[in-house]
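S.K.: Any chance you could fold what I've pasted below:
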Amino acid sequence: MLAPMEGVTDFHMRRILTAIGGYNRCVTEFLRVTDHLYPDRVFRRCCPELESGGCTRSGTPVYLQLLGSNPQALAQNAQRAVALGAPGIDLNFGCPAKTVNRHGGGSSLLRTPDVIVEIVTAVRDAVDASIPVTVKMRLGFDDSSLFLDTARQIEAAGATELCVHARTRNDGYKPPAHWHQVEAVRQSLAIPVIINGEIWSDSNSHQARHDSGCRDVMLGRGALSRPDLAVQLCKSAGQTDHRVMQWPEVVELLQELLATAADLPEKYAGNRTKQWLTYLRREYPSAQELFERVKRLRSFDEISREINQHYTSVVQNNLTPGGVPV
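M.R.: Numbers count the residues shown, from 1 in each chain. Next up is the predicted model:
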C-alpha cells in the first residue's frame, strides 16, 4: 500500500507510482475536518480519483483520509465522501505535525483513546457496512503504554483494518522503527494489521513483516527513494518479473511530475520535483548531482531545462550513474 504523505503523495504522485505497479491501494493526503460538512468540490480536489471510480488511472483504489477530532463532523464528511464514490475511508491518528497536534488532530488523539473510539464508531455507523473504515496510528504519543488497549478498542469500534507506523509521535521519523512492538497487537486483533515505517528495501520489508507478524506493508518515504520498490517486493514474493529501475527512467518520471506543475504559481512550480530529488538521493547518487543543479532555481523553465539537459546527457553518453540502487 502507498502511504498518505501530506504535500507529497498527491494525485499526480499517486498516478505516477501506481502506474509503475505493485500497489493494491493508496490513501489520500488528509482532509482536515473541523465542525462542518465540506462541499463536493473539496472532496474532488483532495481525491480527483473520485471522478474515475475512486481509482488511479492504473486501477488502484484510493481511500480518502479524514483527520479531526469531532466525531459527528467526521461521520458526516465520511458519508459525503462515500456518496461521491470513495471506495473506503481512512482515519488519521498518526500525523505527528505540531500544527495538527495543537488543534487536537492526528497523533495527539492517542492520548485520549475514548475520543478515538467515538470517532471510529461514528464513522463506521455513518457509512454502509460494505465500505471499509481503516485506521492509521502510531505506537503512542509519548510512549507505547496505551498502544495495545487502543488498538483493541479501535477494532471493537468497527474498524476493518489497522495500519501502524511503528514509532511514537515523539519518535517522529528518527530510526529505528520498532516493528516488534506491533506483534502483540497483530496477535490480539482479528482484523488485518499493516506495518509501516522505515521500509526502504526488500530486506527491510522482510524484517518488518517478520518482527511484527504482519503480512502486508505500507510504503512511505521508501516508495519515493525507490519508485519501483512495490514492484521489487512483488518480485521477491514471486508475483512478477522485474528489472530494477535505472536512473534515466527515474529522470523521465521527474520530467512527468514537473510537467504537472506547469500551471502552478512560479514560486511553487519546481518545489515538488526538488522535494522528490531529496528522497531519490538516498538510492541514486546522480540525484545529488541533479539536485545541486536545480536547488537554487526558481523559474519553471530553468528547472525544466536543467532536468532535460541532464536526461539528454545521460542517455546520449549511454550512462546510468547511480542507476542501480545498492
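
S.K.: Could you count how many residues lie near R80?
M.R.: Neighbour count of R80, defined by other C-beta atoms under 10 Å: 19. Using the backbone N, CA and C atoms, a C-beta is placed for each residue, glycine as well.

S.K.: What are the buried residues along stretch 29-42?
M.R.: 29-33, 38 (16 or more other C-beta atoms under 10 Å).

S.K.: low-scoring stretches of the stretch 201-326 of the chain, by residue?
M.R.: For the stretch 201-326 of the chain, the stretches flagged by pLDDT under 70 are 267, 318-326.

S.K.: Try it again at 90.
M.R.: In the predicted model of the stretch 201-326 of the chain, residues 235-244, 260-272, 298-301, 314-326 satisfy pLDDT under 90.

S.K.: Looking at the buried residues of stretch 29-42, which is nearest A262?
M.R.: A262 lies nearest to E29 out of the buried residues of stretch 29-42, by C-beta to C-beta, at 21.0 Å.

S.K.: and the closest one, which of the three is it?
M.R.: Three-state call for E29 (DSSP: H, G, I helix; E, B strand; the rest coil): coil.

S.K.: how close does R169 sit to V42?
M.R.: Separation of R169 from V42 (C-beta to C-beta, to the nearest Å): 27 Å.

S.K.: same question, L162
M.R.: With the distance defined as C-beta to C-beta, L162 ends up 27 Å from V42.

S.K.: Which residues does stretch 295-303 contact?
M.R.: By C-beta atoms under 8 Å, 6 or more residues apart in numbering, the residues outside stretch 295-303 that reach it are 258, 261-262, 264, 266-267, 269-270, 273-274, 294, 306.

S.K.: out of those residues, who has the most neighbours?
M.R.: G270 (26 neighbours).

S.K.: got a list of what that residue touches?
M.R.: 258, 261, 294, 297-298, 300, 303-304.

S.K.: how does this protein divide up, domain by domain?
M.R.: 11-236, 247-316 (automatic domain parsing).

S.K.: out of the ones you listed, which comes closest to M1?
M.R.: Comparing those by C-beta to C-beta, domain 11-236 comes nearest, at 4.4 Å.
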